[in-house]
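Engineer: A structural model of the following input is requested.
(chains A, B and C)
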Amino acid sequence: MTLIPTLSTDFLTPLYRFILLHHRQTLTHTVPCQTQDYDLIARYRLMFKPHSNTIKAIRSRLLDWYDQNARSLPWRPASPTSAPIPPYYTLVSEAMLQQTQVATVIPYFHRFLETFPTLETLANADEQQVLTLWQGLGYYRRARNLHACAKTIITEHNGIIPSDIDSLLALPGIGQYTAGAIASIAFNQPAPILDGNVIRILSRIFFITDPTDHTPVKKQLWLLADQLVPAPVSTDFRPGDYNQSMMELGALICSPRNPKCDTCPIQKLCKAYADGSPESLPVTLPKSKPRPVNHHILAITHPSQPNTYLLEQRPPTGLWSNMYQLPTLELNHSKDIATDQLAAYAQKHLKIKPQAITPLKTFKHQTTHLTITFHLHAITPAFIPSQLKPKTQWRSLDKLADLPFSNPQLKAIKAMN
DNA sequence: AAAGCGGGGAC
DNA sequence: GTCCCAGCTTT
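Structural biologist: Predicted coordinates for the structure are as follows:
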């Protein structure tokens, strides 16, 4: 019994060739197999080589379903016959859609393109303006990467977004998924994608019960996705539409909970449905819980100018990098002791000697890794400092529209007005 | 391999 | 409350 998979490598990128080679070796070492390995080997066979009829059925059913049920979205052509959208639109939408739902992205996408209608306008913009348009969307590194991406494409690719996976992967903020999405959607290249939707669908169709965020399983899923994406020789060579049909199915039918199996175009091909357990897949590794921390916000009023407060810019790395805020420090102990610490911090780091510190408000903010309790304090300086620390400035709260703030900072600022 | 990185939708 | 979302990067 041979377990060497027969894959066409004609259209695989070097990365996939590497993965494939690695697993060929793995499988070679598995032969001859031990009896206790039969289950594992059966699973590997399945994952490597679905029956060609299964592959064809999945492709054609998904494409037919997509033609009838695709949502109208701003980054899609209005109809199959209308002009293709610029690759720049695909780049922007894919950056925004990373870990973010379609409904959340739509208004941001419109505002962004209104301000930066072309790659060149984006490349020439200030990072501050790009971040401000991203305000509230989260994962702000995406905005800075997209901005850097535009600059790089202008200088190193003559302003033309590259269509090959390797060039795309070299750009900041573009990983395997986004490279595959841009190559397939914007340039109709037969590149696979693997996002949360595709993982969910593949794990259910092929009944993959291993944790899908485990690296070897993830590699198998990439190989599976690579086999399923239409190849140039096939009659239904629409890799961009096929990839989008997978994600569309994951969003509209094959949802994490309460999947609508009754209306699923590939229900008959789904092993998890046959097993009666689609909702139990995919299996994921347990995630760590958010850590509680305390952040203290200092609302320092200008002694003479009304409604004017001291602002600072956050460091270029870490949480809310490069965004603006009322001076804020992390201080993790009881609130009573905090006042002295706040005064010391204001003197040392802001050159402000507080005349009075008044607690104003406390509120919680949730991120993926932190549960932050914000403590908002009003501070009246004893005098106006002769000079300010770098990256700090006095600013009227009426004139903040051009600066990027995190949601909790906006909340604190709103409480001051 | 694991952690850091946001905010909101859906239930 | 929970889980997850058209993931990427750093350690």
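
Engineer: Go ahead and flag the most central residue of chain A.
Structural biologist: Centroid-nearest residue in chain A: residue A:98, 2.4 Å away (criterion: CA atoms, centre = their mean).

Engineer: ok, now how distant is whichever residue of the stretch 1-150 of chain A sits closest to DNA strand C from residue A:137?
Structural biologist: In the stretch 1-150 of chain A, the residue that lies nearest DNA strand C is residue A:97 (3.3 Å; CB to the nearest atom of the strand). Glycine gets a C-beta too; all of them are placed from N, C-alpha and C. According to CB to CB, to the nearest Å, residue A:97 and residue A:137 sit 10 Å apart.

Engineer: what's the overlap in contacts for those two?
Structural biologist: residue A:105 (CB atoms under 8 Å, 6 or more residues apart in numbering).

Engineer: Show me which of the two is the more surrounded one.
Structural biologist: residue A:97 (21 against 18; other CB atoms under 10 Å).

Engineer: who's in contact with the more buried one?
Structural biologist: Residues near residue A:97 by CB under 8 Å, 6+ apart: residue A:105.

Engineer: now with 10 Å?
Structural biologist: Contact partners of residue A:97, counting by CB atoms under 10 Å, 6 or more residues apart in numbering, are A:73, A:75, A:104-105, A:109, A:142, A:177-178, A:181, A:195, A:247.

Engineer: Just the strands from chain A, written as ranges.
Structural biologist: A:291-300, A:308-313, A:324-325, A:328-330, A:354-366, A:370-381, A:392-396 (DSSP state E).

Engineer: which one of those is the most hemmed in?
Structural biologist: Most buried of these by mean neighbour count (mean count of other CB atoms under 10 Å) is strand A:324-325; its value is a mean of 23.

Engineer: any idea of the mean pLDDT in it?
Structural biologist: The average pLDDT for strand A:324-325 rounds to 98.

Engineer: ok, and does that strand reach over to DNA strand B?
Structural biologist: No - remark: strand A:324-325 sits outside contact range of DNA strand B, by CB under 7 Å from any atom of the strand, the gap being at least 10.7 Å.

Engineer: Can you name the residues in contact with that strand?
Structural biologist: Counting by CB under 10 Å, 6+ apart, A:128, A:131-132, A:295, A:297-298, A:311-314, A:391-393, A:395, A:400, A:402-406, A:408-410, A:412-413 sit against strand A:324-325.

Engineer: if you set the cut-off to 6 Å instead, what comes out?
Structural biologist: A:311, A:313, A:403, A:405, A:409 (CB atoms under 6 Å, 6 or more residues apart in numbering).

Engineer: likewise stretch A:265-273?
Structural biologist: A:58, A:61, A:65, A:204-205, A:207, A:261, A:278, A:281.

Engineer: With stretch A:225-245 instead?
Structural biologist: For stretch A:225-245, using CB under 6 Å, 6+ apart, the contacting residues are A:16, A:55, A:59-60, A:62-63, A:66, A:184-185, A:188, A:190, A:192-194, A:198.

Engineer: how about the residues of the stretch 251-400 of chain A that lie near DNA strand C?
Structural biologist: A:251, A:256, A:284, A:368.
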